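Student: Sharing a sequence plus its predicted fold:
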Amino acid sequence: MFLTAEEEAILAGEEGQTRQQLMEILVAMGKVFEAEKMVPIRSAQVSGASYKTIGRWGLEWLSSLDAKATVPAILNPVGMDRIRWREMQIDPVFAKNQFDVIAAYERLGIRLSCTCTPYYLTISEYGDHLAWSESSAVAYANSVIGARTNREGGPSALAAAILGRTPAYGLHLVENRSPVLTILVEDAPGEVDESWYGALGYLAGKIAGNRVPVFTGIRPSRDQLKNLGAAMAATGATALYHVQDITPEARVFHYDASSLENVTITADEVTGVYTTADPDAIAIGCPHCSDEELTRIAEKLQGCRVKKPLYIFAARDVITRSAEAVHIIEKSGAWVFADTCMVVSPALEQYKTIMVSSGKALAYVPNMCGARSLLGSLDTCIAAACR
Ligand code: F3S
């Protein structure tokens, strides 16, 4: 792997032990994946932020590092709302550990926006090289924006944030971005909400695995694409997908559909992912809600009073700029929490059955919260909360 003189110097320890250690991570990855060189990145998004997932070992490792991010870098959701953690009934011992993790990242120059939707807060453009690690954000960056990032682990994204570069392999290379599989969605209804695309992604991820599919027969909005990619990344390892006539790279590659594997998913199969049962709690915002989603939830909750715990998650900046919608939502008795989510926070471990509107949360809640998960449309989720 070719290294510039500067990269060689970092690797030799001339810029301190932390930068050396992090360069060793990037070089090791580059060698494993046969990268020819490093590529500069525009931004990083760093996972491994909730104390629930990284624990004591992760905190100790982060605390041992001494360097600063050199490109814009955003932290993934942590285990609690940094301001309203008591309202979430977070154990004070957990909160103390979580604040230590947050302080460690802050010292490393990572922006504490704590979200899996960094694309609502920073500018990423077509062709940009990134080092993002949260799988739904990676799918969105590659597929919806047309930027280029691999699915980084927390340490490699942090290394990239601090060193401003990442090994050029995988999805950084155009030749690896071409579709190898077509997924025809049959009889897709015109008017559906994001959950329908979460259900579609839930099925499609199992089929695609880590391959790059191109969808035909659907016309999703940006929020629907967000849910589609998040679910595919959860049940498969999808980091990039295309949608014919919709996503930016779908028209870049000239492929012959007859030479690719072709799979069909029917609308009936998508409907089969939904489940009906009475939940103990409802959680919306996986991935974190957009401004438009918060507005839509507010419209549905206007004048209602929720009778079951209803959690909604979004990035703090999105919550701040959607203050009017958030006010209406919280007036109903629902919570809109920042910095965290139903999967990475221990707050939802108290429930036995959780209804979600996301294919990704449907897949993750059982293992991460120890609860049964149900998929409902946004209307079903709101109705379940208000019943
Ligand atoms: Fe985001 Fe948590 Fe879902 S990090 S994608 S809201 S599991």
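Tutor: Nice, thanks for sending it over.
Student: only C-alpha atoms for contact and neighbour calcs from this point on.
Tutor: Fine.
Student: Make sure I have this right: residue 214 is in a strand.
Tutor: Yes: note on residue 214: a strand contains this position according to DSSP: H, G, I helix; E, B strand; the rest coil.
Student: In contact with it, which residues?
Tutor: With contacts defined as Cα atoms under 8 Å, 6 or more residues apart in numbering, residue 214 is in contact with 179-183, 241-244, 250.
Student: do the same with residue 193
Tutor: Listed by Cα under 8 Å, 6+ apart, the contact set of residue 193 reads 224, 377-378.
Student: Now flag whichever of the contacts of residue 214 is closest to the ligand.
Tutor: Nearest to the ligand among those, counting by Cα to the nearest ligand atom, is residue 241 at 16.6 Å.
Student: close enough to count as contact, that closest one and residue 210?
Tutor: No: the pair residue 241 and residue 210 fails to qualify as a contact (Cα atoms under 8 Å) at a distance of 10.0 Å.
Student: what about the strands in this protein?
Tutor: Secondary structure of the chain by DSSP state E: the strands cover 38-40, 43-46, 73-75, 130-132, 165-167, 181-186, 213-216, 242-243, 261-266, 281-289, 310-314, 335-337, 353-356, 372-375.
Student: which of those strands is buried the deepest?
Tutor: Neighbour counts averaged per stretch over these are highest for strand 130-132, at a mean of 33; criterion: mean count of other Cα atoms under 10 Å.
Student: what helices or strands is that one leaning on?
Tutor: Taking 3 or more Cα pairs under 8 Å, 6 or more residues apart in numbering; DSSP states H and E as contact, the helices and strands that strand 130-132 lies on are strand 43-46, helix 154-163.
Student: For residue 53, find the nearest of these.
Tutor: Closest to residue 53 of these, according to Cα to Cα: helix 154-163, at 11.0 Å.
Student: okay, now the closest residue to the ligand within the stretch 51-200 of the chain: neighbour count?
Tutor: Across the stretch 51-200 of the chain, the shortest distance to the ligand (Cα to the nearest ligand atom) belongs to residue 116, at 4.6 Å. Here the count is done by other Cα atoms under 10 Å, and residue 116 has 30 residues near it.
Student: Am I right that it is in contact with residue 133?
Tutor: No: counting by Cα under 8 Å, residue 116 stays clear of residue 133, with 9.1 Å between them.
Student: Going along the chain, name the helices of the stretch 251-387 of the chain.
Tutor: Secondary structure of the stretch 251-387 of the chain by DSSP state H, counting those that start in this stretch: the helices cover 267-271, 291-301, 316-321, 323-331, 359-369, 378-386.
Student: any idea which of those is most buried?
Tutor: helix 359-369 (a mean of 23).
Student: follow-up on the earlier one: and the contacts of residue 193, which is closest to the ligand?
Tutor: The shortest approach to the ligand among those belongs to residue 224, at 13.2 Å (Cα to the nearest ligand atom).
Student: what residues are up against the nearest residue to residue 49 once chain neighbours are set aside?
Tutor: Here the nearest residue to residue 49 in space, its sequence neighbours aside, is residue 78; by Cα to Cα, 6 or more residues apart in numbering that works out to 5.1 Å. If you count contacts by Cα under 8 Å, 6+ apart, residue 78 has them with 49-51, 98, 114, 339-341, 344-345.
Student: One more pass at 7 Å, please.
Tutor: When the contact criterion is Cα atoms under 7 Å, 6 or more residues apart in numbering, the partners of residue 78 are 49-50, 114, 339-340, 344.
Student: What does the pLDDT read for it?
Tutor: The predicted structure scores residue 78 at 97 on the pLDDT scale.
Student: neighbouring contacts of stretch 345-359?
Tutor: With contacts defined as Cα under 7 Å, 6+ apart, stretch 345-359 is touched by 52, 79-80, 88-90, 195, 198-199, 201-202, 227, 231, 279-284, 286, 342, 362, 369-378, 381.
Student: now for the contacts of residue 78, which pair is the farthest apart?
Tutor: Taking Cα to Cα, no two of those sit farther apart than 114 and 344, at 11.4 Å.
Student: So for those two, which sits in the more crowded spot?
Tutor: Neighbours were tallied for residue 114 and for residue 344 using other Cα under 10 Å; the higher tally belongs to residue 114 (30 against 23).
Student: mind listing what the more buried one touches?
Tutor: Applying Cα under 7 Å, 6+ apart, one finds that residue 114 lies in contact with 74-78, 315, 339-340.
Student: next one: residue 257
Tutor: Contacts here follow Cα under 7 Å, 6+ apart; on that basis residue 257 touches residue 182.
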